[in-house]
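>>> Prediction below, plus the sequence it came from.
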Amino acid sequence: MPTKTIAVILAAGQGQRLMPLTKNSPKCLLKVGGRPILHHQLSALQESGVKKIFIIVGFMAKVVKTYAIANFPYLDVKFIHNLNHARTNTLYSLALVSKSVPNGYAVLQLNGDVIFDNRVLSKLFNTDKENSYAVARYGKCGTEEIKILLNRKGSIAAINKQISPKNSLSEAVGINKFSPDFWRALSKNSRELKLKRRNDYFEYAVEKTIADGYKIFPMDIERFKAVEIDFPKDLKLARKKFKNYIS
């Protein structure tokens with residue numbers, strides 16, 4: 001069981017690229033394997049022993065809050081509202097939670113649209129607890145994915161969409177574990193970039209933290225399944241891979 005770990009779920013956006021599926025439903029409540037994505041995430045956190053959770057909500061916030069509270073009454077879930085969710089991106093959302101995490105805590109960050117085999121978290125928590133990790137899938141990358149570029153020592157040098165697929169051997173899955181030191185620097189950077197880079201992904205702040213001298217490493221997902229759902233084709237794939245998934 002991880003000690004002094006807080007989970008942060010970024011679930012404020014509507015998911016415009018999934019329209020019309022998200023016209024009247026929060027993206028994180030789209031069903032995969034018979035249950036909402038958020039259900040699978042909270043169940044995985046509960047199974048892993050992570051009980052303190054922040055969910056950044058925006059689009060249909062009340063619906064997300066009602067679902068989480070009703071289905072996971074034993075988790076300590078707090079909600080932070082991104083009132084500007086329609087005009088901002090994940091960097092802005094991350095900045096909103098930055099001051100709420102107590103000193104000394106590691107942060108497990110999940111994108112609100114990723115579904116994964118629970119064993120991914122087990123592997124993540126059994127990896128060196130002092131370091132920070134971005135869960136990654138190794139293999140051929142597409143242009144739309146957040147890709148990872150490594151330096152010669154094996155830590156991440158860059159993590160963004162603009163990296164050429166030819167230069168990247170892995171893509172970020174949407175699950176990250178930040179050590180207390182990395183999180184302290186990342187939260188500071190996200191606050192400073194909050195307004196200037198309000199439309200950027202939070203990985204921009206991660207890159208700034210790397211440039212400040214902090215290290216984060218890729219963690220290969222290996223045989224475990226994970227799908228980040230950005231487009232209808234991703235949802236179709238997730239429903240195929242996790243059709244018998246019970247959490």
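Alright, I've got the coordinates.
>>> Off-centre distance for the top helix by length along the chain?
Taking DSSP state H as the criterion, the chain has its longest helix at helix 180-193. Relative to the centre of its chain, helix 180-193 is centred 16 Å away, using Cα atoms, centre = their mean, to the nearest Å.
>>> residues of it that come out buried?
180-190, 193 (16 or more other Cβ atoms under 10 Å). Using the backbone N, CA and C atoms, a C-beta is placed for each residue, glycine as well.
>>> Which one of those residues is nearest to Q14?
Proximity of those to Q14 (Cβ to Cβ) peaks at S190, which lies at 21.4 Å.
>>> That closest one against V206, yeah?
No. In this structure S190 lies outside contact range of V206 using Cβ atoms under 8 Å: 9.1 Å.
>>> Mutual contacts of those two, please.
Between them, S190 and V206 share no contacting residue under Cβ atoms under 8 Å, 6 or more residues apart in numbering.
>>> Below-threshold pLDDT in the chain: ranges please.
Low-confidence segments of the chain (pLDDT under 70): 1-3, 245-247.
>>> ok so, going back, now the very next helix or strand once past the longest helix of the chain, how far from the chain's geometric center?
Following helix 180-193 in sequence order, the next helix or strand is helix 203-211 (DSSP states H and E). Mean C-alpha position of helix 203-211 versus that of the full chain (Cα atoms, centre = their mean) differs by 15 Å.
>>> try stretch 198-210
Distance, centroid of stretch 198-210 to centroid of chain: 13 Å (Cα atoms, centre = their mean).
>>> Give me the contacts around it.
10, 84, 87-95, 109, 134, 146, 155-161, 172, 176, 182, 185-186, 189-190, 193, 197, 216.
>>> Parallel or antiparallel, which strands does the lengthiest strand in the chain pair with?
Ranked by number of residues, the top strand in the chain under DSSP state E is strand 170-178. Strand pairing for strand 170-178, determined by DSSP bridges: strand 106-111 (antiparallel), strand 132-138 (antiparallel), strand 147-150 (antiparallel).
>>> For this protein, which segments count as helices?
Under DSSP H, the chain gives helices at 37-48, 61-71, 90-97, 119-126, 180-193, 203-211, 232-241.
>>> Can you say which of the strands paired with strand 170-178 is nearest to N244?
strand 132-138 (21.1 Å).
>>> now that closest one and helix 203-211, what's the angle there?
Counting by axes from the mean of the first three to the mean of the last three Cα atoms, to 10 degrees, strand 132-138 lies at 120 degrees to helix 203-211.
>>> Cool, thanks, talk later.
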